[in-house]
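Chemist: Build me a model from this:
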Amino acid sequence: MAGSTVGPTRDGDEPAKSETPSGAVSSGSAPSGTVPSGTASPGAGVAPSGAAAGYRPSRTLPFGAEFRRQAARRRTQLALGFMALLPLIILIAFQFGSEEEEPGRGEFGSLVSLATSGGLNFTLFSLFVSASFLLVVVVALFFGDTVASEASWGSLRYLLSIPVPRARLLAIKLLVALTYSALALLLLAGTALLIGTLRYGWSPLRSTVAAQLEPGAGLLRLLAVLGYLAVVLLVVAGLAFLLSVVTDAALGAVGGAVLLWILSSILDQITALGAIRSFLPTHYSAAWLGLLSTPVQADDIVRGTISAISYATLFWGLAFWRFTRKDIVS
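Modeler: Have a look, this model is predicted:
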């Protein structure tokens with residue numbers, strides 16, 4: 001029918017518009033070839049790639065935003081809080097414990113006897129008792145919980161639909177976990193050095209495998225020990241991160257990484273395995289003791305560094321490969 005008409009509408013639908021034979025738009029519409037005010041023309045706001053105009057993948061999920069999200073979580077606060085509390089617990093144990101050294105305690109007994117001789121030795125002892133298990137659990141917690149927890153909460157798919165590219169999501173979570181793990185390690189060492197120095201004084205670093213080191217040189221050795229421990233723990237970080245991508249259970253990822261590390265430690269004690277032990281990720285985990293000798297024994301430290309970086313790179317690579325191909329349903 002000629003003339004301007006508006007068809008019947010349904011709830012939520014726009015009125016159907018018809019054109020006159022001359023091509024003019026029905027009453028209330030803009031002239032032909034123009035776009036009504038407040039409406040976008042076809043293709044407006046869309047980049048050639050198909051993304052919305054102004055969308056930049058590199059600007060999604062900023063590092064600071066993810067860092068603050070993780071800082072607000074209870075497990076982050078408890079883990080960092082315990083790192084600061086542990087040296088105080090050790091100090092109290094020394095104050096109320098017996099000063100008599102029990103026979104047959106070997107290297108551990110020697111470190112205990114030296115732990116109260118100065119702040120540097122107290123820090124070294126705190127790292128010694130934490131390196132084999134506590135630090136492993138903390139690092140596994142930060143890396144194993146980062147992706148699996150999002151999946152268990154059902155928020156992972158919403159992050160991806162913002163949209164945040166999968167590789168960027170994983171990279172930001174990896175960087176944040178690395179930052180918190182390094183912070184936990186520094187918090188443990190820094191707190192131990194502070195309260196140890198206040199209680200036992202600023203004294204030379206002593207050990208049973210080296211000559212006495214002046215406080216300045218001893219502090220450098222202590223920083224080197226801290227750096228090597230951080231490198232060794234990259235194996236735990238890579239394994240926990242991979243398990244966090246594979247499973248939706250955060251506890252399974254954290255526990256799996258810790259159990260595999262313990263299993264590797266047990267296998268490393270079996271001398272019948274021979275040269276196979278040198279390929280275990282925990283074989284060089286105690287090589288940092290070579291940093292306390294005079295001169296420094298660096299051979300195992302170099303091998304341990306290469307081994308840890310190789311394992312971490314392999315695990316992280318597998319995590320990215322799996323996550324970019326995984327069907328996200330949670």
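
Chemist: got the residue ranges for the strands in the stretch 151-300 of the chain?
Modeler: 205-207, 210-213 (DSSP state E, counting those that start in this stretch).

Chemist: most neighbours per residue, which of these?
Modeler: Mean neighbour count (mean count of other CB atoms under 10 Å) peaks for strand 205-207 among these, with a mean of 22. Heads up, the C-betas are built off the backbone N, CA and C, glycines and all.

Chemist: Counting by contacts, list what it packs against.
Modeler: helix 106-115, helix 119-131, strand 210-213, helix 215-232 (3 or more CB pairs under 8 Å, 6 or more residues apart in numbering; DSSP states H and E).

Chemist: which one of these is the most hemmed in?
Modeler: helix 119-131 (a mean of 22).

Chemist: How many neighbouring residues does residue 243 have?
Modeler: 25 (other CB atoms under 10 Å).

Chemist: What are the neighbouring residues in contact with it?
Modeler: 144, 148, 252, 253, 256, 257 (CB atoms under 8 Å, 6 or more residues apart in numbering).

Chemist: try it again with 6 Å
Modeler: If a contact means CB atoms under 6 Å, 6 or more residues apart in numbering, then residue 243 has 144, 253, 256, 257 as its contacts.

Chemist: got it, and residue 303?
Modeler: residue 284.

Chemist: Which element, helix or strand, includes it?
Modeler: In the assignment (DSSP states H and E), residue 303 maps to helix 299-323.

Chemist: Of the strands of the stretch 151-300 of the chain, which is nearest residue 238?
Modeler: strand 205-207 (30.7 Å; CB to CB).

Chemist: Mind listing residues that contact the closest one?
Modeler: By CB under 6 Å, 6+ apart, strand 205-207 touches 114, 117, 120, 121, 212, 213, 218, 292.

Chemist: Mind picking the two most distant members of those?
Modeler: Among these, 117 and 292 lie farthest apart (CB to CB), at 14.0 Å.

Chemist: Comparing those two, which residue is more hemmed in?
Modeler: residue 292 (21 against 18).

Chemist: Would you check how far apart that one and residue 89 are?
Modeler: 24 Å (CB to CB, to the nearest Å).

Chemist: can you check residue 260 too?
Modeler: Taken as CB to CB, the span from residue 260 to residue 89 is 28 Å.

Chemist: Who has more neighbours out of these two?
Modeler: residue 260 (18 against 11).

Chemist: For that one, which non-adjacent residue is closest in space?
Modeler: Nearest in space to residue 260, with sequence neighbours left out and distances taken as CB to CB, 6 or more residues apart in numbering, is residue 239 at 6.1 Å.

Chemist: right, and the one you found touches residue 315 too?
Modeler: Yes. Between residue 239 and residue 315 there is a contact under CB atoms under 6 Å: 5.4 Å.

Chemist: For those two, work out which one has more neighbours and name it.
Modeler: More neighbours surround residue 239 than the other of residue 239 and residue 315, with 29 against 23 (other CB under 10 Å).

Chemist: where in the stretch 151-300 of the chain is pLDDT low?
Modeler: 154-155, 157-158, 161-162, 208-211 (pLDDT under 70).

Chemist: Break down it into its helices, ranges please.
Modeler: 156-160, 166-200, 215-232, 234-246, 250-268, 299-323 (DSSP state H, counting those that start in this stretch).

Chemist: Which among these is found nearest to residue 130?
Modeler: helix 166-200 (6.3 Å).

Chemist: got the buried residues for the closest one?
Modeler: 166, 169-170, 172-174, 176-178, 180-181, 183-185, 187-193, 195-197, 200 (16 or more other CB atoms under 10 Å).

Chemist: what do you get for stretch 297-313?
Modeler: 300, 301, 304, 305, 307, 308, 311, 312.

Chemist: can you put those residues in JSON lines and add distance to residue 61?
Modeler: Shown next, in JSON lines, are these (distance: CB to CB, whole Å):
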{"residue": "300", "distance to residue 61": "40"}
{"residue": "301", "distance to residue 61": "36"}
{"residue": "304", "distance to residue 61": "34"}
{"residue": "305", "distance to residue 61": "31"}
{"residue": "307", "distance to residue 61": "32"}
{"residue": "308", "distance to residue 61": "28"}
{"residue": "311", "distance to residue 61": "27"}
{"residue": "312", "distance to residue 61": "23"}
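
Chemist: from the residues you listed, which single one is nearest residue 65?
Modeler: So of the buried residues of stretch 297-313, ranked by how close each gets to residue 65 (CB to CB), first place is residue 312, at 25.3 Å.

Chemist: coming back round to it: in TSV, list the strands of the stretch 151-300 of the chain along with distance to residue 75.
Modeler: Below are those laid out as TSV (distance: least, CB to CB, whole Å):
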stretch	distance to residue 75
strand 205-207	34
strand 210-213	38
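
Chemist: Quick one: neighbours of residue 72, just the number.
Modeler: 9.
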